[in-house]
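> the following comprises the amino acid sequence and a computationally predicted model.
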Amino acid sequence: MTAGGAPPGRDAAWVVLETRSQPAELEAFCRELESLYRANPFLEFECWQQHAPGRFHAAFCNHSNGQRVVLDGEMRRESGLAWRIDFAAGAKQHTRFEIEPRPGGSRLTITDEYRVAQDGGATAAAEVDRSLHAWGVALKTLLERDRRWGWLPGYRSLVRKLWLPMKPAARRITFLVLVIGLADIALVALGLAIYWIESAR
């Protein structure tokens with residue numbers, strides 16, 4: 001995670017991901033808008049409706065600022081490796097995604113731009129999405145896991161249809177249960193190995 005160049009607007013926040021994914025791989029990954037947004041660990045979704053390619057309606061609780069958010073978004077291409085999601089209402093005007101080829105991979109910059117508040121900024125400040133950095137970290141982790149395990153049959157489908165639709169808290173609990181389960185299996189295997197070695201003497 002890095003803080004790249006300044007965002008284009010004054011009322012903006014941004015995060016930069018350096019990945020080992022090639023630009024085409026990263027673009028294909030980001031094209032799955034629902035998975036892209038559900039990867040954010042602070043968003044607890046009530047619904048996601050895809051009206052048409054690039055257009056969606058979503059409702060969720062953003063635990064980073066305590067706001068319930070309803071979004072109607074539409075994707076607009078700026079180039080092959082740059083696009084933005086325009087929002088019909090709310091403090092956030094649009095979110096822009098830009099992919100740049102880099103040695104050994106690519107760079108993804110996500111920029112949130114906000115509408116200028118009409119009341120001096122108090123209302124907009126309460127609606128500012130504070131989950132952007134955590135979203136970037138989660139996406140980077142997801143991309144690294146995809147590169148490591150994506151060759152397994154059914155892995156990507158499992159992540160998209162089962163893992164990401166879980167609530168963030170459920171994902172954390174499931175991960176802990178899996179880690180504890182694997183640790184238990186490793187301890188049992190170690191015990192059996194010691195028993196076998198001792199019995200063979």
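Perfect, thanks for sending it. Worth saying up front: this structure is predicted, and the values here are computed from it rather than measured. Residues are numbered from 1 along each chain as shown.
> with adjacent residues omitted, what lies nearest to the most centrally placed residue in the chain?
In the chain, the centroid-proximal residue (Cα atoms, centre = their mean) is residue 39; its distance is 3.2 Å. Among residues not flanking residue 39 along the chain, residue 138 sits closest, at 5.0 Å (Cβ to Cβ, 6 or more residues apart in numbering). C-beta here means a position set from N, CA and C on the backbone, and glycine is covered the same way.
> thought that neighbour was touching residue 40?
Yes - the pair residue 138 / residue 40 is scored as a contact, 6.4 Å apart, by Cβ atoms under 8 Å.
> about what we covered before: where does the residue nearest to the centre of the chain land on pLDDT?
On the pLDDT scale, residue 39 is placed at 93.
> again, but for residue 75
Residue 75 is given a pLDDT of 94.
> which residues in this protein form helices?
23-31, 33-38, 122-127, 132-149, 155-158, 168-200 (DSSP state H).
> can you lay out those helices as TSV showing distance to residue 17 and mean neighbour count?
TSV is the format used below for these (distance: least, Cβ to Cβ, whole Å; neighbours: other Cβ atoms under 10 Å):
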stretch	distance to residue 17	mean neighbour count
helix 23-31	9	17
helix 33-38	12	19
helix 122-127	24	13
helix 132-149	5	17
helix 155-158	19	13
helix 168-200	19	10
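> out of those, which gets the lowest mean score?
Across the helices of the chain, helix 122-127 gives the lowest mean pLDDT, at a mean of 66.
> can I see the domain layout of this protein?
The chain resolves into domains spanning 12-152, 166-201 when parsed by automatic domain parsing.
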